[in-house]
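Q: build the 3D model from these lines:
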Amino acid sequence: MKLKCYIFPSYSGNFKVLNLGEMAFIHLDTRCLYILLICTAFGSTLSSNAEIKVNPPQDFEIVDPGYLGYLCLQWQPPLSLDNFKECTVEYVLKYRNIDNENWKTIITRNLHYKDGFDLNKGVEAKIHTLLPVQCTNGSEVQSAWSEATYWTSPQGNLETKIQDMDCVYYNWQYLFCSWKPGMGVHFDTNYNLFYWYEGLEHALQCADYVMVNGKNIGCRFPYLKSSDYKDFYICVNGSSELQSIRPSYFIFQLQNIVKPLPPDFLSLTVKNSEEINLKWSVPEGPIPANCLIYEIEFTEDDTTWVTTTVENEVYITRTSNESQQLCFLVRSKVNIYCSDDGIWSEWSDKQCWKGRR
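A: Have a look, this model is predicted:
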């Protein structure tokens, strides 16, 4: 078979005649060279990314400054950050009380983070270094985790802890807490309460205990300046010459345990044969009127029903023109716009209207 020939320019500028066999080798060499270049470039990229590593933060620890549960998680930058001086290094921090299902996650550029924990349980945390995409050829790079735990020093049996701790913030002005002694404690056992919230320089001990038979069973707190809408920490510990006493820790926010005063100056007016006007005054004290909700108990002869309102005046309709007695009383509570929870006030005095027989 006769092979066809093709003419190609040579490097010298002259033309060279190639047969088909020579052309096949040239075509094969070109494809191999192309594939080799792609693999080399891809391998270079993989190698470049694989070489980017970062160490975890150093000296990760959980520090208790003595604020009854408000702890500081702190660390130092990882080693070998010289290659990332132009990068903003971030840290992914996860923490929780031991036995809690969910982790809290924080991404920060700082070297510390503070939060509140329940010291009746242990605390665990872990952290790793994070290099953002702009520092790593388009993909985030994470270090291994660094871990830390914290426990208060265990002392005393669980039965020695106080029981039935109850705290009420009366009328958003006066905080009072009470408790009962632990089960099976010796007669010489006494308890002390300490508290702290952000704004105090250090934890304070109760200065006005309520006592029964010489034992502390409650605490009347002083005026608490700037204490709303922040965590309030309490520790009640005890002492005895005969046994160790287990401390108890509590965290809450004061606006969620407010118990207002009951409304007063109630009035009940029958406008006509059907319409009734119920009215009362907003409880005295620092609670804004728009932070209150009211519950009304209304009785018409032998029928009673309950309703709620955010106003301190309502109109209702009599069910019968023949009813001979109408009565109502009302109580108040901080509403959902000013707190997550609250305590109903006591019921007001009853206000009644009697018809003519």
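
Q: any idea where the strands of the stretch 51-200 of the chain begin and end?
A: 58-63, 70-76, 90-97, 104-108, 112-116, 123-131, 141-142, 146-150, 163-170, 174-180, 190-197 (DSSP state E, counting those that start in this stretch).

Q: turn those into TSV, columns for mean pLDDT.
A: Output for the strands of the stretch 51-200 of the chain, formatted as TSV (pLDDT from 0 to 100):
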stretch	mean pLDDT
strand 58-63	96
strand 70-76	97
strand 90-97	96
strand 104-108	96
strand 112-116	97
strand 123-131	95
strand 141-142	88
strand 146-150	97
strand 163-170	97
strand 174-180	97
strand 190-197	97
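
Q: which of those sits closest to Thr299?
A: Nearest to Thr299 among the strands of the stretch 51-200 of the chain is strand 163-170; the distance by CB to CB comes to 28.5 Å. (Each C-beta comes from the backbone N, C-alpha and C, glycine too.)

Q: quick check: angle from that closest one to strand 190-197?
A: With axes from the mean of the first three to the mean of the last three CA atoms, to 10 degrees defining the directions, strand 163-170 sits at 50 degrees from strand 190-197.

Q: mind listing what's buried along strand 163-170?
A: 165, 167, 169-170 (16 or more other CB atoms under 10 Å).

Q: contacts for that strand?
A: Residues outside strand 163-170 that contact it (CB atoms under 8 Å, 6 or more residues apart in numbering): 175-183, 234, 236, 248, 250, 252, 254-255, 257-259, 343.

Q: count the neighbours of Glu241 for me.
A: By other CB atoms under 10 Å, the residues close to Glu241 number 7.

Q: residues contacting the closest residue to Val141 other than its chain neighbours?
A: Leaving out its chain neighbours, the residue that sits closest to Val141 by CB to CB, 6 or more residues apart in numbering is Leu131, at 4.2 Å. Taking CB under 8 Å, 6+ apart, we find Leu131 in contact with 52, 54, 84, 87, 89-90, 140-142.

Q: how about those in TSV, adding neighbour count?
A: Putting the contacts of Leu131 into TSV (neighbours: other CB atoms under 10 Å) gives the following:
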residue	neighbour count
Ile52	14
Val54	23
Phe84	18
Cys87	14
Val89	17
Glu90	16
Glu140	11
Val141	17
Gln142	13
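
Q: which pair of these spans the longest distance?
A: Of all pairs drawn from these, the greatest distance, 15.2 Å, lies between Ile52 and Glu90 (CB to CB).

Q: next one: the nearest residue to Asp231 once chain neighbours are set aside from Trp145, what distance?
A: Nearest non-adjacent residue to Asp231, counting by CB to CB, 6+ apart: Gly116, 4.7 Å away. When CB to CB, to the nearest Å is the yardstick, Gly116 and Trp145 sit 23 Å from each other.
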